[in-house]
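Enquirer: Just a sequence and a predicted model for now, questions to come.
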Amino acid sequence: MSPLLATFLAERLVRLSGVDLAIIVFYFLLVLGIGFYLKRFANTGEDFFLAGREMTAWVAGLAFVSANLGSLELLGWAGSAYQYGIMAAHWYWVGAIPAMIFLGLVMMPFYYISKTHSVPGYLKLRYGTEAAGLSAVTFAVMTILMSGVNMYAMAVVMKVVLGWDINFSIWVSSLTVGVYVAAGGLFSAIFNEVLQFFLIWFGALLIPILGLIETGGWSGMVARIQHNFPGQDFTHMWAPMGSFANNPMGIHWTGIVFGLGAVQSMGYWTTDFLVVQRVLSARDIRSAKLAPVIGSFFKMAVPLIVILPGLLGLAVLTNPDGSHMHLVPESAVQAGQHSYNEVLPLMLARYCGPGLLGLGITALVAGFMAGMAGNVSAFATVWTYDIYRPYLNKNAPDKHYVTMGRWCTLIGLIISIGTAYLVMNFASIMDYVQALFGFFIAPLFGTVVLGMLWKRVTRWAGFLGLLAGTTSSVTMFVLMKIDPERWVRVFALSPLAKGLAQDMYQALWSCVTCVVVTVLVTLVTKPRADEELVGLVYSLTPIAHEEHATLFHKPVFWGVAAMGIFVILQIIFW
Amino acid sequence: MSEKHHIIPVWFFVGLLLFVYGILIFISGIAELSHPPDTVLSNLHAPVWWGALLIVLGGAYLFLFRPGKNA
């Protein structure tokens, strides 16, 4: 055992009581029970991989937003809020809402009408096997790495907060997820994501409520932050972004608007199959369009339980001697100190006694497990339908693919466990995740959206654009890591740009590279016939509109309402 | 395929989870009324009213989405 680990074990944040353990055990029993119950309904490929395509808009919408509401998100962004202030909320608002609305109102009809099982599946129909194969392989790698990151993050939290053995946490959670996803497929994953959604809200909502009571409301909290950190602006979102030097994130507004809002979030929310798969399970096209819009309302509210606790941590956290507590980066933690990522557990321990503590810890465990389940269920689908079936075994019966999906779930988890042990030495979890998104997701958005909106784009243009974008992304990442003094100023436009800012510009340039290469190759290659693209491209696809639906039943009405609230929030916290 | 229409709604499981947790948290809140835990604002007895809220919401979901209601 390392000295650092021994220190953590000695300084665990909380001790669970009998009622806390009962709450945790009940959760494990319930999800396993649900998995076994749902196994009887997951017999065909459509059942196992797409939950029978019969989820309501509400269930699909909650699962859609919940698939992104894992504990890595909660802990990481609460830590980012402590580190960067309310600017971290950009990842929930400009970095999510416009993209979710765009997915629902513009892109979902094509995914749904084409009856694809996955995003690589859409690329196969639109471009052919080259782009689809590249996308499938990169996605499979990304999901497994993400799942490993999730496991590692959970094990660290359990170690720090509860003193649990790191191996125990990894294996118990993995086995549970493996059993319930292998049994019920996407049915199980979605059911548990909906449970997790409620758990996280009811487990975490008391922190901001009690925190604001303690500080005397928002203005009291701001006054305390200014007292604890004089001269630093943690409570404005846009005002400090006129230059790289004016804000703790070291980012310019162009990075947020174009890198995050226009590229990275669009890429993540519209082409990351993990979240899109949840919407594909919707029972009809109106539900599929409405689900991301419903999700956007809940996504807008998430900063209440993630960002606000981070800000409250800046205001109220104290050491045992009463002095103000300063959290530090993960890589700089000394004995007796805590990292940014621990701000949420610290706040939980501050306000929650027996019972409520168990609920909060269960919410974190549920978030981790739902994140793993999301990754392995998406991995099983992409491996089975986009790699195994087209390249290895084309003509097997449907039942064979369901069996393959079940085995993939377990094998994917085993690879994830290996990944978890590999990433234990990586310094910053969130930077790692952001880097992964930048590699694959940003260029993929360029490829998918060009293919949907421009019928002229050709087979080789799609493949070469995606390849060029992904390659450029990896190249920029490596160069900025090897020689940051030289390359950060080139790619991120300023030597002051920090990790998240670098990721935003990396995503932006990789998407631009993808689009430029796609357009250039398109102009010198022969397009496909129009009749081959019906149902895949905007100008050639008749999309059913809801002329006879009332205003309140139209997805576009709720999409506009969500955008209105989004704009108001930007103005309030400007 | 028709069997799928008899799946117990996910909302029932949500209700079950909230209801059981509400009872456990409410009882622990009552038990600690005389010996509040060493947490900030423990004088507000959050487990009592939070547990009660979970019981009411969980109970409502259990009732509204109970198995066989629409059979």
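Expert: The structure has been received and is ready for your questions.
Enquirer: Poorly predicted segments of chain B, please.
Expert: The model of chain B has pLDDT under 70 over residues B:1-5, B:70-71.
Enquirer: rerun at 80
Expert: B:1-6, B:68-71 (pLDDT under 80).
Enquirer: which parts of it sit against chain A?
Expert: Applying the criterion C-beta under 8 Å from any C-beta of the partner chain, the portion of chain B that neighbours chain A consists of B:1, B:3-4, B:7-8, B:10, B:13-14, B:16-18, B:20-21, B:24-25, B:27-29, B:32, B:36-42, B:44, B:46-47, B:50-51, B:54. Placement of C-beta: from N, CA and C, glycine included.
Enquirer: Just the buried subset of the residues you listed, please.
Expert: Applying 16 or more other C-beta atoms under 10 Å in any protein chain shown to these, the neighbour count classes B:7-8, B:10, B:13-14, B:16-18, B:20-21, B:24-25, B:28-29, B:32, B:39-42, B:44, B:46-47, B:50-51, B:54 as buried.
Enquirer: In chain B, which residue sits closest to chain A?
Expert: Nearest to chain A in chain B, going by C-beta to the nearest C-beta, is B:Pro37, at a distance of 3.2 Å.
Enquirer: Tell me which of the buried ones among the residues of chain B next to chain A fall in strands.
Expert: In this view, these have no member that belongs to strands under DSSP state E.
Enquirer: Any idea which residue of the stretch 301-450 of chain A lies closest to chain B?
Expert: A:Gly353 (3.2 Å).
Enquirer: per-residue confidence at the spatially most central residue of chain A?
Expert: Against the mean C-alpha coordinate of chain A, by C-alpha atoms, centre = their mean, the closest residue is A:Asn68 at 3.8 Å. Among the per-residue scores, A:Asn68 shows a pLDDT of 80.
Enquirer: now the closest residue to it other than its chain neighbours: how far from A:Leu569?
Expert: Nearest non-adjacent residue to A:Asn68, counting by C-beta to C-beta, 6 or more residues apart in numbering or on different chains: A:Val275, 5.9 Å away. The gap separating A:Val275 from A:Leu569 is 22 Å, by C-beta to C-beta, to the nearest Å.
Enquirer: ditto for A:Ala132
Expert: As for A:Ala132, its distance to A:Leu569 is 38 Å (criterion: C-beta to C-beta).
Enquirer: More neighbours: those two, which one.
Expert: Regarding A:Ala132 and A:Leu569, a neighbour count based on other C-beta atoms under 10 Å in any protein chain shown identifies A:Ala132 as having more, with 25 against 18.
Enquirer: Check which helices and strands the longest helix along chain B sits against.
Expert: When every helix of chain B is counted residue by residue (DSSP state H), the longest turns out to be helix B:10-31. Based on contacts counted as 3 or more C-beta pairs under 8 Å, 6 or more residues apart in numbering or on different chains; DSSP states H and E, the elements that helix B:10-31 packs against are helix A:18-39, helix A:166-204, helix A:356-382, helix B:46-64.
Enquirer: buried sites along the second one?
Expert: Right, the one you point to is helix A:166-204. Neighbour counts using 16+ other C-beta under 10 Å place A:166, A:169-170, A:172-174, A:176-204 of helix A:166-204 among the buried residues.
Enquirer: Next: stretch A:446-459.
Expert: Neighbour-count burial for stretch A:446-459 flags A:Gly446, A:Thr447, A:Val448, A:Val449, A:Leu450, A:Gly451, A:Met452, A:Trp454, A:Lys455, A:Val457, A:Thr458, A:Arg459 (criterion: 16+ other C-beta under 10 Å).
Enquirer: ok, now stretch A:551-567?
Expert: In terms of neighbour count (16+ other C-beta under 10 Å), stretch A:551-567 has its buried residues at A:Lys554, A:Pro555, A:Val556, A:Trp558, A:Gly559, A:Ala562, A:Phe566.
Enquirer: wait, which of these is closest to chain B?
Expert: Within the set of the buried residues of stretch A:551-567, A:Trp558 lies nearest chain B; the separation is 20.7 Å, counting by C-beta to the nearest C-beta.
Enquirer: The closest one contacts A:Gly295, doesn't it?
Expert: No. At 10.9 Å, A:Trp558 does not count as touching A:Gly295 under the criterion of C-beta atoms under 8 Å.
Enquirer: re earlier: point out the one among the helices and strands packed on helix B:10-31 that comes closest to A:Gly336.
Expert: The closest of the helices and strands packed on helix B:10-31 to A:Gly336 is helix A:166-204. By C-beta to C-beta, the value is 20.6 Å.
Enquirer: next structured bit after the closest one?
Expert: Tracing the chain past helix A:166-204, the next element assigned as helix or strand by DSSP states H and E is helix A:206-215.
Enquirer: Get me the contact residues on the stretch 101-250 of chain A for chain B.
Expert: Contact residues (C-beta under 8 Å from any C-beta) of the stretch 101-250 of chain A with chain B: A:Phe187, A:Ile190, A:Phe191, A:Val194, A:Leu195, A:Phe198, A:Leu199, A:Phe202, A:Leu206, A:Leu210, A:Ile213, A:Glu214.
Enquirer: Next, work out how far apart the second one and A:Met325 are.
Expert: Taking C-beta to C-beta as the measure, A:Ile190 falls 39 Å from A:Met325.
Enquirer: so where do the helices sit in the stretch 201-350 of chain A?
Expert: Secondary structure of the stretch 201-350 of chain A, counting by DSSP state H, counting those that start in this stretch: helices at A:206-215, A:218-228, A:253-254, A:265-271, A:273-280, A:285-301, A:307-316, A:343-351.
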